[in-house]
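Novice: Here is a sequence together with a model predicted from it:
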2 protein chains.
Amino acid sequence: MDALKARIRRDGRHLGHGILKVDGFLNHQIDPALMNECGRELARRFAPARVTKVLTAEISGIAPALSTAQHIGVPVVYARKDRPITMPDQVLLTVAPSHTKGRTVELIVSPEYLAAGERVLIVDDFLATGQTILGLARLATAAGATVIGIGVVIEKAFEGGRAALLPLGVPIEALAIITEMRGEQITLA
Amino acid sequence: MDALKARIRRDGRHLGHGILKVDGFLNHQIDPALMNECGRELARRFAPARVTKVLTAEISGIAPALSTAQHIGVPVVYARKDRPITMPDQVLLTVAPSHTKGRTVELIVSPEYLAAGERVLIVDDFLATGQTILGLARLATAAGATVIGIGVVIEKAFEGGRAALLPLGVPIEALAIITEMRGEQITLA
């Protein structure tokens, strides 16, 4: 997606150790028009897949997942990292190592909103190691739902996420793929 | 907003102690079409105010704030509760008591994205005690920005938030106002 790639080239910054700063338009400040285009494009790529639900993880997955779900015309569920008091006692819970947080986090979904037979598109802001997305896929499977695809805004191709997700056997779409970051140089595929 | 009120009547549940469960369409599963209408309506109500930025707090403020910002055509910033590694060392930080969490939380914004002279619309999913919104207003003021209004999806009128926000001297718009919850009965204004 050209507008996204141009924005990464203009505003993205490599902070070292593979950390990409895109908090000016993606995950602290958000450019709603760009986010809307990202959602439109992910919806377009998965249009033939008959998605019934978009699944993501809080926090920074919410915006791209909401935009995608709006363009597909289905609800979006975001997995919580803390169980709110409004959730039933019995929940779907898995644990995923968080690369950026340096610890494991819980991913919790209420079984009220992820049911057997659903066709789930997983959307997130980043595909890096793939561990969060694998956790979301485990939640979907535990609910008896079928993961039909994975869509991300930015893939960091050098962190092995795509290989980690290969066993899921579903299409993976990334709107921008970063193949290398070295010094101030960010290389896009 | 009639569609929102109808949805609260249909799917909202009073869990006791003033806790309203609306996680089927607002803050766990989201109905993107309804959220889009909420954003459109908040944007309409603040159209004359020349907003330059929408400000909210993670997590459940992100969806309504993004929708509102999209309809106004300005960026949205969500205050983080943990400082990510992509933020500069010097940040805008305040502490706010969280009613639902039973403890205080930090609200952190990078000064890169909240500047002197900005005209800030604060958006959140709920207006309850108003403490989170007061915290966001302190961040805006600390940045030298001006808060021009407050927009929320649901106001729980019996928790005193509107009175707490009165000293800010700005218009407060709520798309649905709950005046009382007793047993299974949810009363809307």
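Specialist: Done, it's in.

Novice: Scan chain A for its longest helix.
Specialist: helix A:32-45 (DSSP state H).

Novice: and that helix with helix B:32-45, angle?
Specialist: Here the directions of helix A:32-45 and helix B:32-45 differ by 160 degrees (axes from the mean of the first three to the mean of the last three CA atoms, to 10 degrees).

Novice: show me what contacts the most centrally placed residue in chain A?
Specialist: Centroid-nearest residue in chain A: A:D124, 1.0 Å away (criterion: CA atoms, centre = their mean). If a contact means CB atoms under 8 Å, 6 or more residues apart in numbering or on different chains, then A:D124 has A:T56, A:A57, A:S60, A:G61, A:P64, A:A65, A:T132, A:I133, A:L136, A:I150, A:V152, A:V153 as its contacts. For the C-beta atoms, the positions are set from N, CA and C on the backbone; glycine is no exception.

Novice: Could you count how many residues lie near the closest residue to the second one other than its chain neighbours?
Specialist: In other words, A:A57. The spatially closest residue to A:A57, leaving aside those adjacent along the chain, is A:A79, at 4.6 Å (CB to CB, 6 or more residues apart in numbering or on different chains). Residues lying near A:A79 (other CB atoms under 10 Å in any protein chain shown) number 25.

Novice: Kindly list the main-chain dihedrals of A:A79?
Specialist: Main-chain dihedrals, A:A79, degrees, to the nearest 10: phi -60, psi 130.

Novice: quick one: contacts for it?
Specialist: Applying CB under 8 Å, 6+ apart, the residues contacting A:A79 are A:L55, A:T56, A:A57, A:E58, A:L107, A:I108, A:V109, A:G135, A:L136, A:L139.

Novice: switch to 7 Å and redo it
Specialist: A:A57, A:E58, A:L107, A:I108, A:V109, A:L136, A:L139 (CB atoms under 7 Å, 6 or more residues apart in numbering or on different chains).

Novice: pLDDT score assigned to it?
Specialist: pLDDT, the model's per-residue confidence, is 98 for A:A79.

Novice: How about A:S98?
Specialist: At A:S98, pLDDT is 85.

Novice: since we're on it, how many residues are nearby?
Specialist: 16.

Novice: now A:R9: how far from A:V22?
Specialist: From A:R9 across to A:V22, the span is 11 Å (CB to CB, to the nearest Å).

Novice: now do A:Q70
Specialist: From A:Q70 to A:V22 the distance is 21 Å (CB to CB).

Novice: follow-up on the earlier one: where's the residue nearest to A:A57 relative to B:Q29, distance?
Specialist: As defined by CB to CB, A:A79 lies at a distance of 11 Å from B:Q29.

Novice: and A:I59, backbone torsions?
Specialist: Dihedral angles (degrees, to the nearest 10) for A:I59: phi -110, psi -50.

Novice: Pull the contacting residues for the spatially closest residue to it that is not a sequence neighbour.
Specialist: Leaving aside its chain neighbours, A:I59 sits nearest to B:E58 (4.9 Å; criterion: CB to CB, 6+ apart). When contacts are counted by CB under 7 Å, 6+ apart, B:E58 touches A:I59, B:Y78, B:A79, B:R80, B:K81.

Novice: run the last query once more with 10 Å
Specialist: Shown in contact with B:E58 (CB atoms under 10 Å, 6 or more residues apart in numbering or on different chains): A:28, A:58-60, A:62, B:65, B:78-82, B:105, B:107-108.

Novice: do A:V51 as well
Specialist: A:43, A:68-69, A:72-74, A:118-121, A:123, A:148-149, A:151.

Novice: still on that earlier bit, where do the contact lists of A:A79 and B:Q29 overlap?
Specialist: In contact with both A:A79 and B:Q29: A:L55, A:V109, A:S110, A:L114, using CB under 10 Å, 6+ apart.
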